[in-house]
Structures are given as C-alpha cells and as structure tokens.
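Student: Here is my input, please return the structure:
(one chain, ligands or ions: 2)
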Amino acid sequence: MTQSNVNEPVIATPDLIRGKQSSPCAGDPGLPRRSAPCKDENMHRLIADVQMGYSLPQDFYVSDAVFAADMEQVISQKWILAGHVSRIPNKGDYFLFKIGGEQIIVIRENADSVRAFFNVCRHRGSTICQAESGNAPRLVCPYHAWTFGLDGRLISARLMPDDFDKAENGLHPCHIRVFHGLIFINMSEGAPDDFDATFGDMGPILDYHGIAGARIAHAGSYPTTANWKLVIENFFECYHCVPSHPEFCSMHDAESIVAVGAGPSSGPADAIQAYAPKIAAWEARAAALGRPVGNIDDAADSSHLRLLMQRMNKDGWAAETQDGTAPSPLMGKRTAPDKGRMHLSFSPFSQIVADDHFVILFQFTPRSALESDVEMIWLVDGRATETEVDIEKMVWGYHATTSQDKIITENNQAGIMSSRYRPGRYSEQEGSVVKFQQWYLNQFGLERVE
Ligand code: FES
Ligand SMILES: [Fe+2]
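Tutor: Ligands and ions are numbered 1, 2, ... in the order given. Have a look, this model is predicted:
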C-alpha cells in the first residue's frame with residue numbers, strides 16, 4: 001500500500017487509485033482536519049469501556065445523549081451524499097434532505113449552481129419548505145411571508161424597523177459540493193474538510209461509470225428503526241449474507257463473499273490471499289478496456305473512511321440480476337463490458353454499488369438514536385431510453401437484499417434494547433466493522449487507534 005499525499009495534485013490515472021491508503025497526520029498543513037476533541041465527560045467514560053473486537057456497549061446504540069454527541073462530533077462534520085443532480089434539473093427545483101433534527105433545502109439556483117440552506121426562517125424560525133420536493137421561484141416562508149432568493153438572500157420582509165438590515169438576514173447556508181453529478185452536503189459550522197483533498201482521487205472511477213451524465217431510473221425508501229451505527233455495521237460485513245440474503249448470494253461467487261464480501265480487507269486473511277490471483281487476472285483485462293482499476297482502503301484514522309473495491313462478476317454474469325443478463329445499456333465510458341463491479345463507500349453514510357449497466361446510490365441517514373433513513377437510487381446511463389431499461393429486473397437483487405437488511409437490523413436493535421444485551425465478539429469476517437468502530441471512536445478525538 002502506498003501512503004496518500006493529498007498535497008499533490010490529483011491526476012486521473014489508474015495508478016493513483018491502485019492500493020491507495022489514507023493516513024493523515026495531525027498537524028500537517030492541508031491534510032484533513034480532525035474534529036475538536038469531545039468535551040463530554042460521559043462520552044469519555046463510555047468510550048473508555050469499549051472493548052475492540054466486540055460490538056459496542058448498549059448506550060452507543062440507544063442513548064439520546066450519545067446520538068447528540070454523534071451529531072456534533074461525527075455526522076455534522078462529514079461530507080454526506082444528499083442525492084444526484086438529475087433530481088433537480090430545472091431552476092428552482094428543490095428537495096429536502098433530513099438528517100438528525102436538521103432539514104437542508106437543496107435547490108437549483110441556475111444551470112451551473114446548486115445551493116443548500118438550512119430550512120429555518122431568519123424571522124422567527126419556521127421551516128420554509130414543507131414539501132419533500134418541489135419547485136419554487138423564490139423561497140417564501142408560510143408564516144409571515146419573508147421571501148428569500150434562490151441564492152438565500154432575504155428579498156422582502158414587511159414592516160420591519162429602519163435599523164433592520166436585510167443583508168444580514170439571509171438563509172443559513174450549508175456547505176455543498178457537486179462532484180461528478182453527486183450532491184454532497186456538509187453541516188459543519190466552520191470550514192469543512194477540504195473536499196478535493198478528501199475525495200479528488202475518486203474522480204476517475206466516477207467518471208468511468210458516467211455518474212455525472214446518468215439519470216435516475218428508480219428510487220426506493222427503506223426507513224429502518226435502528227441506530228445508524230447498526231445500519232452501517234450491517235453494510236460493513238457479509239458474515240450475514242449466507243443466512244440472510246439468498247438473492248444476493250445467488251448473484252455472487254461463494255469465495256468472493258467470504259474473502260471480500262464487505263471490502264478488500266473484510267474477510268479472513270487466507271481467503272483474501274487465495275482470491276487475489278483471480279482479481280489480478282480480471283484487473284488486467286479490465287484495465288485493458290479502460291477501467292481505472294485498484295482499490296481504496298482508508299485506515300481508521302482517515303477523515304471519511306473511504307473504501308473502493310473492484311472485482312469481477314460471478315462467472316458468466318453480465319450484471320447483478322436474477323439471471324445475470326443486463327437490464328439496461330452499458331454505462332459511462334465503456335465501449336465493451338468488462339464484467340466487473342465496484343463498491344465505493346465513504347463518510348461512511350454513503351455507498352455506491354455499480355456494475356457495467358447500472359449504479360445504485362445508498363444513503364444511510366441518521367434521524368434519531370433509534371431511527372435511520374435508508375434510501376436507494378438506481379441510476380442508468382443518461383442516454384438510455386425508457387424502453388431500454390428493465391426496472392423490475394434491475395432492482396430485483398438489491399431491493400430484496402435491502403428489505404432483508406431492514407428486518408435483520410431492526411431485529412438487532414430490538415435485541416440490543418434488552419437488559420441482557422452485552423457486547424459480543426466479532427468473527428474473522430467482520431474486519432471492516434471493527435475498523436468502522438475504531439474510526440467512529442477516533443471522531444471523538446481520544447486517539448484510540450489500535
Ligand atoms: S417565521 Fe418566517 S416569516 Fe415569520
Ligand atoms: Fe445485508
């Protein structure tokens with residue numbers, strides 16, 4: 001593995017992606033900023049009790065106080081995937097992105113600009129947008145009709161005193177960045193982690209898949225009555241895949257599920273080693289067809305815990321569907337199928353799964369200590385016509401899998417609520433969960449990397 005140097009310019013070459021591992025050092029200029037150490041004594045006590053290699057103590061999964069600390073130290077500090085630009089193609093199109101107790105208005109200002117604002121009126125604090133999505137030439141508060149432009153400036157407020165300054169009463173902006181068609185928001189009050197230094201090297205693979213020019217073919221909602229950490233932990237291991245996911249397993253080789261089911265380093269070491277030559281052979285073929293091959297496997301002390309894993313489909317499978325045939329045309333820059341797929345995870349509230357023919361965006365959004373939103377957006381190539389896309393075939397595998405994940409994660413939460421819950425030992429197939437937990441604890445600034 002090579003060490004990252006985020007001060008170097010980002011050049012779109014396969015070599016930059018191959019084997020990248022982030023290891024930022026505190027104090028180096030230009031490197032990702034670490035959250036300020038958490039001052040909450042209760043969190044310090046809870047974190048001191050965590051035993052690595054075991055699931056977390058109950059409070060981390062059920063407590064409102066821990067959720068409040070998570071919002072402050074973790075969730076508000078990260079660049080999080082809020083959606084795809086094709087959801088808001090026209091000026092004034094908007095949608096609400098709800099996360100924790102916050103609502104973010106994501107709105108198209110013009111052809112070149114998408115803005116994000118907290119959905120809080122600067123008069124007496126009413127929400128301004130109530131609909132989940134819509135179109136608005138101006139943002140008008142329904143309470144007393146203060147009116148804001150698409151750039152967030154206060155345009156009109158009736159009968160205000162002479163010393164009232166409209167210029168100081170614009171909507172509170174939220175950090176936003178559109179990158180290859182993906183809309184990222186960051187709720188940090190101060191300067192957020194530098195976006196390009198954090199995500200720039202994901203550009204070549206997003207470009208290859210044609211994410212910027214893709215269109216939304218289908219979307220699904222799987223709200224889950226569970227803490228966000230359980231939702232993410234479930235997605236970070238494939239130990240449960242065989243008992244819980246018959247459809248998923250039918251689309252993948254058993255060897256692949258054990259070795260790299262939830263990331264390049266998620267399985268037992270001997271299984272990863274045995275699988276490596278097959279991946280290398282496929283990488284050589286895929287690279288010859290133009291795919292930027294390689295992986296990203298950020299360490300637990302990274303800012304956004306990115307993971308990119310690319311590997312071949314099940315033998316004979318063109319796409320992740322029931323019968324292995326393609327449901328839609330090739331995506332992006334491909335001229336021929338390379339019969340591979342990728343899993344890209346970051347922040348770690350966001351996941352992208354893609355094969356030659358379609359892309360799925362997963363959004364795992366914390367709402368409260370016991371509630372998480374899980375949204376899936378299926379993207380196809382922007383040039384694909386409606387008749388060329390078989391939506392039922394495309395959504396079959398991951399709709400079933402995510403519906404099952406909702407149930408098993410809610411069962412996990414219900415059991416953790418018991419007075420008899422105690423942290424349990426992780427298996428050798430849950431290495432990525434352990435890394436996620438190390439990363440999570442690091443966000444509190446207590447230097448617990450082990
Ligand atoms: S609270 Fe919005 S105009 Fe009064
Ligand atoms: Fe699952």
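
Student: Buried by neighbour count: which residues of the helix or strand hosting D196 qualify?
Tutor: D196 is located in helix 195-199, with elements delineated by DSSP states H and E. Going by neighbour count (16 or more other CB atoms under 10 Å), the buried part of helix 195-199 is 197-199. To be clear about C-beta, it is placed using only N, CA and C from the backbone, and glycine gets the same treatment.

Student: quick one: which of those residues is nearest Q58?
Tutor: Distance to Q58, by CB to CB, is smallest for T198 among the buried residues of helix 195-199, at 32.5 Å.

Student: okay, the closest one: pLDDT?
Tutor: Listed pLDDT for T198 reads 97.

Student: quick one: it from ligand 1, how far?
Tutor: Distance from T198 to ligand 1, counting by CB to the nearest ligand atom, to the nearest Å: 35 Å.

Student: same deal with A69?
Tutor: Taking CB to the nearest ligand atom as the measure, A69 falls 30 Å from ligand 1.

Student: residues in contact with that residue?
Tutor: 38, 40, 43, 444 (CB atoms under 8 Å, 6 or more residues apart in numbering).

Student: Relative to G152, how far out is it?
Tutor: For A69, the distance to G152 equals 29 Å [CB to CB, to the nearest Å].

Student: now swap in G101 and tell me
Tutor: 21 Å.

Student: Could you check which of those two has the larger neighbour count?
Tutor: Remark: of G101 and G152, G152 carries more neighbours, 20 against 10, as counted by other CB atoms under 10 Å.

Student: Surely that one and P173 touch.
Tutor: Yes. If you go by CB atoms under 8 Å, G152 and P173 touch, sitting 5.9 Å apart.

Student: quick one: common contacting residues for the two?
Tutor: In contact with both G152 and P173: 115, 117, using CB under 8 Å, 6+ apart.

Student: Name the residues of the stretch 51-200 of the chain found near ligand 1, please.
Tutor: 121, 123-124, 126, 141, 143-146 (CB under 6 Å from any ligand atom).

Student: rerun that using 5 Å as the cut-off
Tutor: 121, 123-124, 126, 141, 143-144, 146 (CB under 5 Å from any ligand atom).

Student: of those residues, buried ones?
Tutor: Looks like these have 121, 123, 141, 146 buried, using 16+ other CB under 10 Å.

Student: I'd like the distance between the last one and H123.
Tutor: In this view, W146 and H123 are 5 Å apart by CB to CB.

Student: In the sheet, which residues pair with W378? Tell me.
Tutor: Judged by DSSP bridges, the bridge partners of W378 are H218, I360.

Student: related to what we said a few turns ago, from the contacts of A69, which single one is nearest P277?
Tutor: P277 has its nearest neighbour among the contacts of A69 in F444, at 40.6 Å by CB to CB.

Student: residues shared between the contacts of W146 and H123?
Tutor: Contacts common to W146 and H123, judged by CB under 8 Å, 6+ apart, are A157.

Student: taking the contacts of A69 one by one, which sit in helices?
Tutor: Counting by DSSP state H, the contacts of A69 place M43 in helices.

Student: which one of the contacts of A69 is nearest ligand 1?
Tutor: Using CB to the nearest ligand atom, D40 comes nearest to ligand 1 of these, at 32.0 Å.

Student: count of residues packed around that closest one?
Tutor: Residues near D40, counting by other CB under 10 Å, number 17.

Student: per-residue confidence for V6?
Tutor: V6 is assigned 27 on the pLDDT scale.

Student: is it true that I105 touches A136?
Tutor: No. Counting by CB under 8 Å, I105 does not reach A136; the two are 9.1 Å apart.

Student: returning to what we had before: can you redo the buried ones among the residues of the stretch 51-200 of the chain next to ligand 1 as TSV with secondary structure?
Tutor: Shown next, in TSV, are those (DSSP: H, G, I helix; E, B strand; the rest coil):
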residue	secondary structure
C121	coil
H123	coil
C141	coil
W146	coil
